[in-house]
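the following block contains a protein sequence and its predicted model.
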Amino acid sequence: MTPSDTPVLRFESIDSTNEEALRRLASGLIAPFWIVSEVQTRGRGRAGRQWKSPGGNLYATLAVTLTVSAATATQLSFVAGLAAHDAASAFLSQDKASRLRLKWPNDLMLDGAKLAGLLLESVTVADGLAVILGIGINVAAPPADTGRSVASLALSPSSVEDVFESLADALERRIAEWNEGRGFPAIREAWLARALALNETISVNLNSSIIRGRFSGVDDNGALKLTTEAGVVMTVTAGDIYPDALR
């Protein structure tokens with residue numbers, strides 16, 4: 001599979017590229033394929049949160065089919081994060097690119113501000129498991145009124161297609177490296193080398209309960225490892241992390 005071989009369905013405006021990918025799969029379209037839209041009217045992130053999607057930024061979803069379990073497929077969050085990092089780095093100065101960080105579980109940050117977000121979903125299809133990888137990158141300008149620090153590549157809106165091509169190429173390479181989980185140890189190490197707040201104190205919001213500890217790595221399944229002040233190592237499979245440096 002190469003970016004030029006993978007069909008790209010393009011829209012001026014759509015509710016959500018992930019939703020359209022799910023609809024296409026339900027209608028029988030065979031993956032892999034991309035859904036790309038100039039604007040999303042109901043873009044969403046993890047836990048159903050709204051992803052503001054004005055024009056001038058990249059909103060893209062790749063659908064792929066896999067022969068692995070749903071648990072193994074969640075590793076693609078790390079694969080997509082690395083691809084987003086690769087793609088963004090190509091459009092930043094060396095100094096800025098060196099300050100990009102991946103925030104567990106699914107954000108790309110520049111100087112502590114969100115530059116890109118990822119949303120992985122899966123659905124069972126006739127050929128096995130279909131995974132939907134939604135990636136939004138702020139290309140021209142960050143959306144307003146997000147209630148959090150946001151960043152962009154500060155490029156012309158006309159650069160969106162160039163960023164998409166860079167992302168498609170990077171994701172192809174990273175998925176091949178992952179090799180349906182067999183290459184996850186290398187993916188994990190590459191992700192950790194770019195991780196935000198690794199070996200630093202963080203707070204984790206778990207169902208409205210806050211736990212503090214040291215972000216000490218990611219386990220074989222992609223769960224965050226948190227070492228508490230008492231020395232207990234906890235694994236966190238879902239939650240929001242807040243590095244002390246960003247509080």
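Nice, thanks for sending it over. Residues are numbered from 1 along each chain as shown.

which strand runs longest in the chain?
Longest strand in the chain, counting residues (DSSP state E): strand 113-125.

any idea which helix or strand carries Gly19?
For residue 19 the amino acid is Glu, not Gly. In this assignment (DSSP states H and E), Glu19 forms part of helix 17-26.

starting at the chain centroid, how far to that helix?
18 Å (Cα atoms, centre = their mean, to the nearest Å).

after that helix comes which helix or strand?
Next along from helix 17-26, by DSSP H and E: strand 33-40.

whichever helix or strand comes after that following strand packs against which elements?
Downstream of strand 33-40, the next assigned helix or strand under DSSP H and E is strand 58-66. The contact analysis (3 or more Cβ pairs under 8 Å, 6 or more residues apart in numbering; DSSP states H and E) places strand 58-66 against helix 17-26, strand 33-40, strand 128-137, helix 160-178. (Glycine included, C-beta is placed from N, CA and C.)

hmm, back to that, helices and strands around the longest strand of the chain, which ones?
Counting contacts by 3+ Cβ pairs under 8 Å, 6+ apart, strand 113-125 packs against helix 17-26, helix 70-73, helix 76-89, strand 107-110, strand 128-137.

domains of this protein?
8-192, 201-246 (automatic domain parsing).

hang on, Ala141 is in a helix, isn't it?
No: per DSSP: H, G, I helix; E, B strand; the rest coil, Ala141 lies outside any helix segment and is coil.

identify the residues contacting the residue lying closest to it once chain neighbours are set aside.
Leaving aside its sequence neighbours, Ala141 sits nearest to Ser152 (Cβ to Cβ, 6 or more residues apart in numbering; 5.1 Å). Ser152 makes contact with Asn57, Leu115, Asn138, Val139, Ala140, Ala141, Pro142, according to Cβ atoms under 8 Å, 6 or more residues apart in numbering.

what's the closest of these to Phe184?
Leu115 (24.3 Å; Cβ to Cβ).

which elements pack onto the least confident helix or strand in the chain by mean pLDDT?
Lowest by mean pLDDT, DSSP states H and E among the helices and strands of the chain is strand 240-243, with a mean of 84. Packing partners of strand 240-243 (3+ Cβ pairs under 8 Å, 6+ apart): strand 201-206.

contacts for the strand it packs on, please.
Residues outside strand 201-206 that contact it (Cβ under 8 Å, 6+ apart): 210-215, 224, 226, 236, 239-244, 247.

let's see that with 6 Å instead.
Under the contact criterion Cβ atoms under 6 Å, 6 or more residues apart in numbering, strand 201-206 has outside partners Ile210, Ile211, Arg212, Arg214, Phe215, Val236, Gly239, Asp240, Ile241, Tyr242, Pro243, Asp244.

you'd agree Ala21 is up against Thr65?
No: counting by Cβ atoms under 6 Å, Ala21 does not reach Thr65; the two are 12.0 Å apart.

pick out whichever of these two has more residues nearby.
When Ala21 and Thr65 are compared for neighbours, Ala21 comes out ahead with 27 against 15, by other Cβ atoms under 10 Å.

who's in contact with Ser89?
The neighbours of Ser89, taking Cβ under 6 Å, 6+ apart as the test, are Ala97.
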